[in-house]
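A.B. asks: predicted coordinates and the sequence they were generated for:
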Amino acid sequence: MKLTIIGSGYVGLTTGACFAEVGHEVMCVDNDASKIETLRRGEIPIYEPGLADLVTQNVAADRLSFTTSTAEGVAHGDVVFIAVPTPPNPDGSVDLRFIEKVAREIAPHIDSYKVIVDKSTVPVKTGEKVAETIQRYAPDAKFDVVSNPEFLREGSAVHDLMKPDRIVFGSNSDRASALMKKVYEPFVAPLLVTDINSAELIKHAANSFLALKISYINAISEICEASGADIERVAEGIGMDSRIGQAFLNAGLGYGGSCFPKDIAAFIAISEQLGTPFTLLKEVQKINAHQLDRFIDRIRKSLWVLEEKKIAVWGLTFKPHTDDLRSSVAMELVEKLVVEGAVVTAYDPKGMDRAAALPIGSRIRFANSPEEAAVGADALVIATEWPEFEHVNFPRIRESMLSPILFDGRNLLDPTTMRKFGFDYHCIGRPKMD
Ligand code: UDX
C-alpha cells in the first residue's frame, strides 16, 4: 500500500521504516529540511537499535522516501499517518497545535479518498477535532479519521513495531477500517478495532497503568526498607500471580522518558476537563517524585555535605539502549547534585553528547569510561541500568575511589557481592546486611 507519515521523529520514522520493511511504499514527511537531508544521506538523527539498517535497506529498495512537502506526501499516500509531537502545556494538558496545523495543511491536498490516522498520543476526543478541522478547510474532501495509538518502547522500538503485543485502532467508518486492516495485514498480532474515542483513551489508560505499576512497587520498596523485607522477593511473589505479572515491577529511581510523565499529566488534565478528575494518578506522580527525593536524602545522609564532594554518576539516559534524555530521572538527579555543589563526573554509553549540549552540561564533567568516572570519587551512583555497568572490574574501581560508597538506584548489582568487594552498598528496597 502507499502510506504517508507526517512527522519523522521517533515514532514517525520508526513506524515508516517498519511499514516499508513489510512491503508498503512509505513516504515520510517532515518540515525540518535538515532532518530530511540527513535521512536522505542515510543517516539517522536518533539512536535506536536496528533502525539505521532498516532505513538504509528500505531506501535502497525504493520502499522508503523522504520529503519536506506535505502536498507531495498527501498525494502519495492512501493512508496518511500523523505522528507529530504533542508537547505538554505548563498545566500538564497537551499542546495540540502541531496536530491542528497538520490537519489544516493536509486538507487542501486531499483530492481523493484518504484515511487520516492519528498516531501521536492525544487526549480523548482529538480525532473529532481533526475531522472538524479538515472539513472546515476542505469542505469537499473525502476522508475518514482513525486513531491508531502506538505502544512502542524506546530502545526496542523496531522489535515492538515488527512484533507488537496488539494492534489497536479506532474508526467510525467501515471503509477506513478495511484499509487499516490491509495496512496491518503483514503483522502477526491480535487486532482490536474500537470507536475513535476508545482508541484514544486506551493509549493514556495503558501508559498510566504501567506508571501506576512502577509507583506501586516503588511505594512498597519504601515499606521494605522500613521493615527489612526484600523488594525483589516481594515483586517476584506478587508477579507470579498471572493476573499481576512480573513486568514493570522493577523498583528504582522512578519512571521518566518522553511518554509516562507527559501522558500522566495529560490524562489528569483531560479527566479534569471532562469533570471526572482521576486523582489516583496524582498519587502516582507524587510517589515517583518522592522516590528520587528520598534517594538523594540517603546520599546526603552518607556524605553529610554534598558541596565539593566528587560524585561519579553512571547513566544519564532515561533508560538503557537509548540516547534519549527527555524527563530522565538520572539527569534530574545530576542536576540536583550539581545545584547542591557536588562535582559530578558522569559516564553514559549513548547520552553524553546530548547531555553536554544541555544548559546543565557545562557543569558536568564527562568521562570516557565508567572506570574513569569513578577515579577519586567520594561516591558512585548508578542512575540508569546499562548492562555494561555490571561487567566492570569492581575491586579495581573500589581501589580507585576516595571512599567506596555505592548507591545503586536501579538495583542492578548483587548486594552480597558488592559488600564482599568492600563497598558501602546502598540500593532500593533490599535489606542492608551489615
Ligand atoms: C513507554 C511505554 O512502555 C510504551 O508502550 C509507550 O508507547 C511509550 O511509553 P518508554 O517510555 O520507551 O515506553 O519506556 P519504558 O520501557 O516503558 O520505561 C519508562 C520508564 O519507566 C523508564 O524510565 C524506566 O526506567 C521506568 N521503569 C520501567 C521502571 O522504573 N521500572 C520498571 O519496572 C519498568
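C.D. replies: Yes, it's here.

A.B. asks: so who does the residue lying closest to residue 397 once chain neighbours are set aside touch?
C.D. replies: In space, residue 397 comes closest to residue 374 once its chain neighbours are excluded; the distance is 4.9 Å by Cβ to Cβ, 6 or more residues apart in numbering. For glycine as for every other residue, the C-beta is placed from the backbone atoms N, C-alpha and C. Neighbouring residues of residue 374 by Cβ atoms under 8 Å, 6 or more residues apart in numbering: 312, 380, 397, 400, 401.

A.B. asks: tell me which residues touch the first one, please.
C.D. replies: Looking back up the chat, that one is residue 312. With Cβ under 8 Å, 6+ apart, residue 312 has these contacts: 344-347, 367, 370, 373-374, 377, 379-381, 401.

A.B. asks: one more: the third one?
C.D. replies: With contact set as Cβ under 8 Å, 6+ apart, residue 397 has these partners: 370, 371, 374, 380.

A.B. asks: ok so, going back, please tell me the pLDDT value assigned to the residue nearest to residue 397.
C.D. replies: Per-residue pLDDT puts residue 374 at 98.

A.B. asks: the strands in the stretch 151-300 of the chain, which residues?
C.D. replies: For the stretch 151-300 of the chain, the strands defined by DSSP state E, counting those that start in this stretch cover 167-171, 191-194.

A.B. asks: restricted to strands, list the contacts of residue 374.
C.D. replies: 312, 380 (DSSP state E).

A.B. asks: now render the contacts of residue 374 as JSON lines, adding distance to the ligand and pLDDT.
C.D. replies: Shown next, in JSON lines, are those (distance: Cβ to the nearest ligand atom, whole Å; pLDDT from 0 to 100):
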{"residue": "312", "distance to the ligand": "20", "pLDDT": "98"}
{"residue": "380", "distance to the ligand": "19", "pLDDT": "98"}
{"residue": "397", "distance to the ligand": "23", "pLDDT": "98"}
{"residue": "400", "distance to the ligand": "28", "pLDDT": "98"}
{"residue": "401", "distance to the ligand": "26", "pLDDT": "98"}
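
A.B. asks: make JSON lines out of the contacts of residue 374 and add distance to residue 138.
C.D. replies: Shown next, in JSON lines, are the contacts of residue 374 (distance: Cβ to Cβ, whole Å):
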{"residue": "312", "distance to residue 138": "58"}
{"residue": "380", "distance to residue 138": "59"}
{"residue": "397", "distance to residue 138": "63"}
{"residue": "400", "distance to residue 138": "66"}
{"residue": "401", "distance to residue 138": "65"}
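
A.B. asks: burial count for the residue in the stretch 301-434 of the chain positioned nearest to the ligand?
C.D. replies: Taking Cβ to the nearest ligand atom as the measure, the stretch 301-434 of the chain has residue 319 as its residue closest to the ligand, at 4.0 Å. Number of residues near residue 319 (other Cβ atoms under 10 Å) recorded here: 21.

A.B. asks: surely it touches residue 214?
C.D. replies: No. Applying Cβ atoms under 8 Å, one finds residue 319 not in contact with residue 214, separated by 11.4 Å.
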